[in-house]
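*Asks:* Just the structure for this:
(2 chains)
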Amino acid sequence: MSSSSSSSSSPPCPKKMITLKSSDGETFEIEEIAALQSKTLENMIDENCASTPIPLPNVKGKILAKVVEFCTKHAEAGADAETLRAWDAEFVGVEHAIVFDYILAANFLEIPTLLDLACESVAEMIKGKTPDEIRKFFNINNAFSPEEEEDVRRQNQWAFE
Amino acid sequence: MDVRPLVRKAQCMHLSEGQDVRCSTQLGDLPDKILWHILSFLRLKDVVRTSTLSKRWEHLSKNNPRLDASELDFPGQTLFVNFVDTALLLQDFPLKRFSISCQTDFDRSHIDAWITAAVRRRVEELHVRRHGGLLEYVLPSCVFNCETLIELRLFMLHQLRLPALVCLKNLKVLTLAWVDFGGDSSVEKLLSCPSLEELSLIACKWRRLKVLHISAPKLLRLDIVEDSFYKNLESTFYVGIHGAHIESFTYSGQFIDRYTISSSSSLVVARIDMFICERPHHHAAYHGYKLLKDLSCVKRLSLHNVGEFLHERPDLLKSLPVFSNLTELALDAFNGLPLESRFLVAMLDKCPRLSHLSFTRGIPAESETVDAIFNPAPRCFVSSLKVIKISRFQVGDKALLAIRNVLRTAGVLEKLFIHPPWGKQLPESLLPLLKELPRASDQCEFFLGS
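*Replies:* A predicted model of the protein is given here:
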């Protein structure tokens, strides 16, 4: 039963569900109101492409499950800011490879709240570390020669003191 | 487009299952745009340090479309000026954000040059913070005609002098803090920008005007915080808010001024925070009441200390409007809102569809006989109230009596949340005690938090 494009002013009686399909074939159901936090999904819903499972080839099932959890939590009525902040902190308190996957998914699905949350948590991992510590932590290959590195340092010596 | 993540994944897929290879996403797999977004949460020192991580990071640093520089980040003024000069004046690529924070009075030609350069580089977000300094500072007029500007935040204790022509057709977000609007209403040109969606006025000085009109046609969100030290109690100043689409309104102040929201049927959420002061303005209660009338269409409402102001005015309480769309109400008072509060009773009577009720600072009951409370029960208790949240709950006989009264009357209650004050725990005996109380709703669940 497909409804003609009705505005969201009708009473929220039966919750409208959207189905999402991950890159590895898993399907997930999400309430439409929660899905609207993703600009990408919002556009698709507006254009009425939301009746069949929406394929998301860039997002693995493991990550999509968590993204659905995030959007559902943030769409809850009566949520107070303190509890939500604590929940968010726990959500990104996982190994950083997973946080990077959240970032990529939030970027692709255009979910600004998740993108900001995940990016800020990565910034927290960088904060206060020396360049050596950052390289080790994030597995960054240093392609500088010692002279080149010294050169870059000298340009902004004040930041390394 | 950065194809590295795809290449990496493709490489992973070619490896046989027996091999133990780390396939997880690395920081370096993220595209430049996202790495810049991550850097935007860091202070300048940390951002600059990343320039030595690798050649790619040096490139990211040099081409960062956001420049957030504060004089406090630098050990000296010369280094500060040199750094911003290099980053801003010697580059040409479009700038997404320029945020500058100055503490002292130095040659204003530097700031002028920087802001002009930012505008020339098609800046989208401009934040200017000017703390201290005695010299008056007037922004270059090109700021007010910058067609790329989407967000403007000014934190300056100075008078805003606007040029004759103000044309910010893409400005969506505007914050003015501590700004003095002066004596002529030219500031209204800023407050009526055609694309403006979010407006914050924080501790601005505006009482040299008699009237202020905020008429941005696309305004969605308005936040006003009054300067608690700026009194001038004599004049009642009138603020007219005209915007057919406004959805969110928050106000913090003493209601010295009269606020009117002309077409408020689009409002969804509102919050009013009244400052506690020894001698409230004699019109404060009336102004507060008038504003509540304009907010009668909201779905979610948060009121802090409003009850204290209206407590002494039963005449106004009687004429409170009906909040026919209100489903969520949060109440707070300086020492907790007593259940006998006339305001509470009057308010609940006017919310026929209330489904979520929060007490953010507990619910003391003051008088000895609490049986008269909620008797008769407000309409919404019987037919629509589903969730009650009590935060910072202090256990005591009267508090339990209050809960008993609520449970006795709330016929469709589904959930009761109780949280103790920060750092404290609720006693173990509370839950069994609650379960024994007579309840009007047999589907009510208790959630006791920590």
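*Asks:* can you tell me how far residue A:91 sits from residue B:128?
*Replies:* In this structure, residue A:91 and residue B:128 are 35 Å apart, going by CB to CB, to the nearest Å. C-beta here means a position set from N, CA and C on the backbone, and glycine is covered the same way.
*Asks:* next one: residue B:360
*Replies:* Summarising the geometry, the distance separating residue B:360 from residue B:128, computed by CB to CB, is 35 Å.
*Asks:* who has more neighbours, residue A:91 and residue B:128?
*Replies:* Under the criterion of other CB atoms under 10 Å in any protein chain shown, the comparison of residue A:91 against residue B:128 puts residue B:128 first, with 21 against 18.
*Asks:* show me where the chain has helices.
*Replies:* Chain wasn't specified; assuming chain A. A:32-35, A:39-46, A:61-74, A:81-91, A:96-109, A:112-126, A:131-138, A:146-155 (DSSP state H).
*Asks:* wrong one, chain B
*Replies:* When secondary structure is read from DSSP H, chain B shows helices at B:4-14, B:32-39, B:44-49, B:55-62, B:77-84, B:108-120, B:187-190, B:284-294, B:306-310, B:314-318, B:342-349, B:379-383, B:397-409, B:430-436.
*Asks:* Mind putting those helices into a markdown table with distance to chain A, mean pLDDT and mean neighbour count?
*Replies:* Conversion of the helices of chain B to a markdown table gives the following (distance: least, CB to the nearest CB, whole Å; pLDDT from 0 to 100; neighbours: other CB atoms under 10 Å in any protein chain shown):
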| stretch | distance to chain A | mean pLDDT | mean neighbour count |
| --- | --- | --- | --- |
| helix B:4-14 | 7 | 48 | 12 |
| helix B:32-39 | 5 | 96 | 19 |
| helix B:44-49 | 4 | 91 | 22 |
| helix B:55-62 | 5 | 92 | 17 |
| helix B:77-84 | 5 | 91 | 18 |
| helix B:108-120 | 18 | 92 | 18 |
| helix B:187-190 | 26 | 92 | 20 |
| helix B:284-294 | 21 | 90 | 20 |
| helix B:306-310 | 19 | 81 | 22 |
| helix B:314-318 | 26 | 89 | 14 |
| helix B:342-349 | 17 | 87 | 19 |
| helix B:379-383 | 15 | 88 | 18 |
| helix B:397-409 | 17 | 82 | 19 |
| helix B:430-436 | 20 | 88 | 13 |
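*Asks:* just so I know, which of the ones you listed lies nearest residue A:111?
*Replies:* Evaluated over those, closeness to residue A:111 peaks at helix B:32-39, with 13.2 Å, by CB to CB.
*Asks:* Model confidence score at residue B:18, please.
*Replies:* pLDDT, residue B:18: 36.
*Asks:* Kindly apply the preceding question to residue B:326 instead.
*Replies:* According to the model's per-residue confidence, residue B:326 sits at a pLDDT of 95.
*Asks:* gap between it and residue B:320?
*Replies:* Using CB to CB, residue B:326 is found at 12 Å from residue B:320.
*Asks:* quick one: which of the two has more around it?
*Replies:* Using other CB under 10 Å as the criterion, residue B:326 and residue B:320 rank with residue B:326 on top: 24 against 18.
*Asks:* center of chain B - which residue?
*Replies:* Within chain B, one residue has its C-alpha closest to the average C-alpha position: by CA atoms, centre = their mean, that is residue B:223, at 6.7 Å.
*Asks:* what pairs with it across the strands?
*Replies:* Beta bridges link residue B:223 to residue B:200, residue B:250, judged by DSSP bridges.
*Asks:* and it, what is it in contact with?
*Replies:* With contacts defined as CB atoms under 8 Å, 6 or more residues apart in numbering or on different chains, residue B:223 is in contact with B:199-202, B:249-251.
*Asks:* got the residues of chain A near chain B?
*Replies:* A:77-78, A:80, A:96-98, A:100-101, A:103-104, A:107, A:115, A:119-120, A:122-124, A:126-128, A:130-131, A:134-135, A:138-144, A:149, A:152-153, A:155-156, A:158-161 (CB under 8 Å from any CB of the partner chain).
*Asks:* residues contacting the residue minimising distance to the centre of chain A?
*Replies:* Centrality entry for chain A: nearest residue to the mean C-alpha point is residue A:106, 3.2 Å, by CA atoms, centre = their mean. The neighbours of residue A:106, taking CB under 8 Å, 6+ apart as the test, are A:67, A:112, A:114-115, A:118.
*Asks:* Show the pLDDT at residue B:147.
*Replies:* Turning to residue B:147, the model gives it a pLDDT of 95.
*Asks:* Below-threshold pLDDT in the stretch 201-350 of chain B: ranges please.
*Replies:* Low-confidence regions of the stretch 201-350 of chain B, defined by pLDDT under 70, span residues B:229-236, B:334-336.
*Asks:* Please identify the residues of it in proximity to chain A?
*Replies:* Taking CB under 8 Å from any CB as the criterion, the neighbours of chain A within the stretch 201-350 of chain B are B:327-328.
*Asks:* Kindly recompute the last result at 7 Å.
*Replies:* Taking CB under 7 Å from any CB of the partner chain as the measure of proximity, the stretch 201-350 of chain B contacts chain A at residue B:328.
*Asks:* Quick one: the strands in the stretch 201-350 of chain B, in order.
*Replies:* Assigned by DSSP state E, counting those that start in this stretch, the stretch 201-350 of chain B shows strands spanning B:211-214, B:221-225, B:238-241, B:248-253, B:258-261, B:269-274, B:300-304, B:328-332.
*Asks:* how about those strands, which one is nearest residue B:148?
*Replies:* Comparing the strands of the stretch 201-350 of chain B by their distance to residue B:148 (CB to CB), the top pick is strand B:221-225, with 21.9 Å.
*Asks:* Break down the stretch 351-450 of chain B into its strands, ranges please.
*Replies:* Using DSSP E, counting those that start in this stretch, strands in the stretch 351-450 of chain B cover B:356-359, B:387-390, B:415-418, B:445-448.
*Asks:* can you redo the ones you listed as TSV with distance to residue B:270?
*Replies:* Conversion of the strands of the stretch 351-450 of chain B to TSV gives the following (distance: least, CB to CB, whole Å):
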stretch	distance to residue B:270
strand B:356-359	15
strand B:387-390	19
strand B:415-418	23
strand B:445-448	27
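*Asks:* My guess is residue B:53 contacts residue A:135. True?
*Replies:* Yes. Between residue B:53 and residue A:135 there is a contact at 5.9 Å, judged by CB atoms under 7 Å.
*Asks:* I'm done for today, thanks for sticking with me.
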